[in-house]
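Student: Sequence below, structure please.
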Amino acid sequence: MDLSIKTTLGIISLVTLTSVTAFAAEVVYVPEFCKPELLTLTVTNKTATPQRLWTQVRFDQEVQETDYDLEAKAQIKINGAHFLRSAMAFSIKSWTANSLQIHASCEEGLSFPLSSVTSPTTTHVLPAGTRTVKMHLLNLYLKANSIRVKAFNSQDAVLGEKSLQVENYYDTHTMKWSFSEDVRRIEVTGDARLSSLLFYEAEGEFKNSPAIFATTPLAADKYKTYFLVSTKTGRPDEAFVIALDDPAKIATAREQIKNPSLEKIIVAGIELGHGGYNRAFLARDKAPYSWSVNRVDAFADFAHISCDGSPDLTEERLLQKLNEGGRICFWRYRVVRELLPSEISSGRLKP
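Tutor: Numbering: from 1, shown residues only. So this is what the prediction gives:
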């Protein structure tokens with residue numbers, strides 16, 4: 001069954017916001033690289049239960065979603081013209097992480113897997129003999145994103161480097177890059193989240209080199225005290241970080257860790273930017289979020305439904321969230337541990 005939904009970012013209903021928070025979701029971002037009529041998505045349900053996915057296309061301050069249902073172990077093919085008006089970037093969201101395998105192809109032939117990597121720091125490894133590559137870099141930040149690209153040979157010597165800026169959210173920068181000798185890897189570093197898609201030329205055809213993420217270092221403030229906020233389950237869904245400098249609030253947060261019966265909902269305000277500390281600690285790539293908590297208003301027993309949600313949903317609908325006043329109070333999320341500045345910077349939690 002296919003169902004098209006258009007959601008205005010500024011007036012999305014509370015039902016839409018809160019209904020997804022009970023599930024762990026996975027979002028794959030796809031830069032503009034193919035005309036809609038030539039694009040095919042092949043989606044395979046790897047699980048023994050039915051699954052649902054959405055294609056998401058952004059038009060200014062609107063998100064148009066089209067959903068698709070897959071039976072257990074089923075496979076479907078989706079033509080790009082079904083949900084795209086023109087060649088443009090889009091995303092694909094599933095209810096459950098690691099439940100679907102998604103391949104994309106442009107015309108016949110090349111088919112490659114899509115990933116959920118949004119780390120600003122990625123590497124593309126290339127086979128011997130590569131002299132030409134095509135890159136598509138998608139900005140996943142609400143403002144301009146400065147990106148540096150470096151090419152290396154097999155001896156780790158720099159063959160070339162480029163600095164570029166993608167001005168707008170969801171814009172794709174596309175470039176073709178040729179070299180006088182073999183290039184063995186290309187490193188991409190952005191100031192904020194991005195998605196990189198790279199093809200290398202081999203025997204007259206272009207093939208895909210998947211993005212390999214690296215953990216982006218952050219500059220934590222040693223004068224602040226940091227706490228990880230997540231769900232208290234055997235398999236926590238997502239996590240984000242808060243930074244406190246008020247002694248009373250620090251004491252309250254520490255008490256939540258020591259005494260679970262006193263756990264409270266964090267009612268807070270957010271702003272654009274990771275603030276030097278907020279990253280998705282439970283994601284594979286530990287990518288810094290595009291938002292951070294700039295104030296903790298209260299540790300509460302109850303909170304209004306309008307500010308419920310999750311860290312990843314806030315990232316996905318950040319423009320809407322900021323336009324509504326930038327307030328969060330994730331009902332299922334609690335302070336679970338204190339963090340060292342070194343853990344913030346490295347993205348690695350100590351035992």
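Student: For L282, give me its contacts.
Tutor: 230, 236-239 (CB atoms under 8 Å, 6 or more residues apart in numbering). Just so you know, the C-beta spots here come from the backbone N, C-alpha and C atoms, and that holds for glycine as well.
Student: can you tell me which helix in this structure is longest?
Tutor: helix 247-258 (DSSP state H).
Student: And it, what does it pack against?
Tutor: Under the contact definition 3 or more CB pairs under 8 Å, 6 or more residues apart in numbering; DSSP states H and E, helix 247-258 sits against strand 225-231, strand 239-244, strand 291-300, strand 333-339.
Student: Burial-wise, tell me which of the ones you listed comes out on top.
Tutor: strand 239-244 (a mean of 24; mean count of other CB atoms under 10 Å).
Student: Give me the angle between that strand and strand 225-231.
Tutor: Angle between the axes of strand 239-244 and strand 225-231 is 150 degrees (criterion: axes from the mean of the first three to the mean of the last three CA atoms, to 10 degrees).
Student: what are the ranges of the strands in the stretch 101-250 of the chain?
Tutor: 111-113, 121-125, 132-139, 145-152, 158-166, 172-178, 185-190, 194-202, 205-208, 212-213, 225-231, 239-244 (DSSP state E, counting those that start in this stretch).
Student: one step back: could I get the contacts of L282 as TSV with pLDDT and distance to S209?
Tutor: Below are the contacts of L282 laid out as TSV (pLDDT from 0 to 100; distance: CB to CB, whole Å):
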residue	pLDDT	distance to S209
S230	95	33
P236	85	32
D237	83	31
E238	92	29
A239	96	30
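Student: For G160, find the nearest of the helices and strands packed on helix 247-258.
Tutor: Ranking the helices and strands packed on helix 247-258 by proximity to G160 (CB to CB) places strand 291-300 first, at 34.0 Å.
Student: Mind listing the strands the closest one pairs with, and their directions?
Tutor: Strand 291-300 pairs in its sheet with strand 265-272 (antiparallel), by DSSP bridges.
Student: Contacts made by the strand it pairs with with the rest, please.
Tutor: For strand 265-272, contacts defined as CB under 8 Å, 6+ apart pick out 142-143, 229, 242, 290-303, 307, 314, 318, 321-322, 325-331, 333-335.
Student: what's the most distant pair in the contacts of L282?
Tutor: D237 and A239 (8.2 Å).
Student: between these two, what contacts are shared?
Tutor: Shared contacts of D237 and A239 (CB under 8 Å, 6+ apart): 230, 282.
Student: Surely Q320 forms part of a helix?
Tutor: Yes: counting by DSSP: H, G, I helix; E, B strand; the rest coil, Q320 is found in a helix.
Student: ok, how many other residues are close to it?
Tutor: If you count neighbours by other CB atoms under 10 Å, Q320 ends up with 18.
Student: and what of L197?
Tutor: For L197, the number of neighbouring residues by other CB under 10 Å comes to 26.
Student: Tell me how many other residues crowd the closest residue to it other than its chain neighbours.
Tutor: Among residues not flanking L197 along the chain, H136 sits closest, at 4.2 Å (CB to CB, 6 or more residues apart in numbering). Look at H136: counted by other CB under 10 Å, it has 19 neighbours.
Student: Could you verify my assumption that H136 touches K176?
Tutor: No: contact criterion CB atoms under 8 Å: H136 and K176 do not qualify, at 10.5 Å.
Student: Distance of the residue nearest to L197 relative to R185?
Tutor: 17 Å (CB to CB, to the nearest Å).
Student: Then W95?
Tutor: W95 is 35 Å from R185, by CB to CB.
Student: cool, L114 as well?
Tutor: Relative to R185, and taking CB to CB, L114 is found at 21 Å.
Student: Compare neighbour counts for the two and give me the winner.
Tutor: Higher neighbour count among L114 and R185: L114, with 21 against 17, using other CB under 10 Å.
Student: just checking, the more buried one touches I102?
Tutor: Yes: with contacts counted by CB under 8 Å, L114 reaches I102, the gap being 4.7 Å.
Student: Which residues are in contact with each of those two?
Tutor: Common neighbours of L114 and I102 (CB under 8 Å, 6+ apart) are 28, 92.
Student: With only the CA atoms kept, save stretch 183-197 in CSV.
Tutor: Listed next in CSV are the C-alpha coordinates belonging to stretch 183-197 (Å, rounded to 0.1, in the frame of the first residue of the first chain):
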residue,chain,number,x,y,z
VAL,A,183,44.6,8.0,-6.1
ARG,A,184,44.0,5.5,-3.3
ARG,A,185,41.7,7.3,-0.8
ILE,A,186,39.8,10.5,-0.4
GLU,A,187,39.1,12.1,3.0
VAL,A,188,36.1,14.3,3.5
THR,A,189,35.8,16.6,6.6
GLY,A,190,32.9,19.0,7.2
ASP,A,191,32.1,21.5,9.9
ALA,A,192,28.7,19.7,10.4
ARG,A,193,26.8,16.6,9.4
LEU,A,194,26.9,15.6,5.7
SER,A,195,26.4,12.7,3.4
SER,A,196,29.0,11.8,0.8
LEU,A,197,28.5,9.6,-2.2
